[in-house]
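Asks: coordinates only, no sequence provided:
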């Protein structure tokens, strides 16, 4: 797909602090005069937000892994055609909290469905649209889960209740994804103080978007 905009995604395991940094980064880019829209996955638009409610509902413990992967892909498709692609065609910078890499790490690797299999599902959903830049917030899963417990205002979802071994597999999955897409993925050390993490993310974005 030809586009004039720039597509930035933010990824990381649970408790990496990426959503907090996401909001700070969006504010800084807006202050720079960047023509920016922010969004999230799963969600971003009405239909995808409804799918999000189904996927992340803590009561849906019986959900099959393939069902989960397909629901994420369905939400992603609607989000893409309704919000992301139109913004890119208008020349905007799109900043998205999670995208395809989450599915590859969580469902492909941690759920054991296979990264290639989940990639195929998502290629059907998104075609050739991939991020131009992905910031990966790297943190030890145990530290991330401890942060979740301390953060009383955070949304608690079905994935938060998974075992520590699952979250360790998620981190391993992201490392596999990093190997596949080294040219667009930048690793941010999320264990550092918040201000330092924010600055690292901002610098990474500015380096690629050329100010």
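Replies: Yep, it's here. Just so we're clear, the structure is a prediction, and the values are computed from it rather than from any experiment. Residues are numbered from 1 along each chain as shown.

Asks: tell me the SS of residue 187?
Replies: With DSSP: H, G, I helix; E, B strand; the rest coil as the basis, residue 187 sits in strand.

Asks: look up how far residue 179 lies from it.
Replies: Distance, residue 187 to residue 179, by Cβ to Cβ, to the nearest Å: 12 Å. Yep, even glycine has a C-beta here, placed from its N, CA and C like the rest.

Asks: more neighbours: those two, which one.
Replies: Set residue 187 next to residue 179 and count neighbours by other Cβ atoms under 10 Å: residue 187 wins out with 17 against 9.

Asks: isn't that one right up against residue 139?
Replies: No. Look at residue 187 against residue 139 with Cβ atoms under 8 Å: they stay out of range, at 10.8 Å.

Asks: as a check, name the ranges of all helices in this protein.
Replies: Under the criterion DSSP state H, helices of the chain are mapped to 18-31, 46-56, 65-79, 85-89, 100-103, 115-126, 141-150, 164-180, 194-209.

Asks: quick one, what contacts residue 101?
Replies: 9, 11, 134, 136, 174, 177, 181, 185 (Cβ atoms under 8 Å, 6 or more residues apart in numbering).

Asks: please report how far residue 6 lies from residue 192.
Replies: Residue 6 sits 26 Å away from residue 192, taking Cβ to Cβ as the criterion.

Asks: neighbours of the residue lying closest to residue 76 once chain neighbours are set aside, just the number please.
Replies: Ranked by Cβ to Cβ, 6 or more residues apart in numbering and with sequence neighbours excluded, the top spatial neighbour of residue 76 is residue 125, at 5.2 Å. Counted by other Cβ under 10 Å, the residues lying close to residue 125 total 21.

Asks: equivalent analysis for the one 10 residues further on, please.
Replies: The local packing count at residue 135 equals 26, with neighbours defined by other Cβ under 10 Å.

Asks: what distance do you get for it to residue 21?
Replies: Using Cβ to Cβ, residue 135 is found at 8 Å from residue 21.
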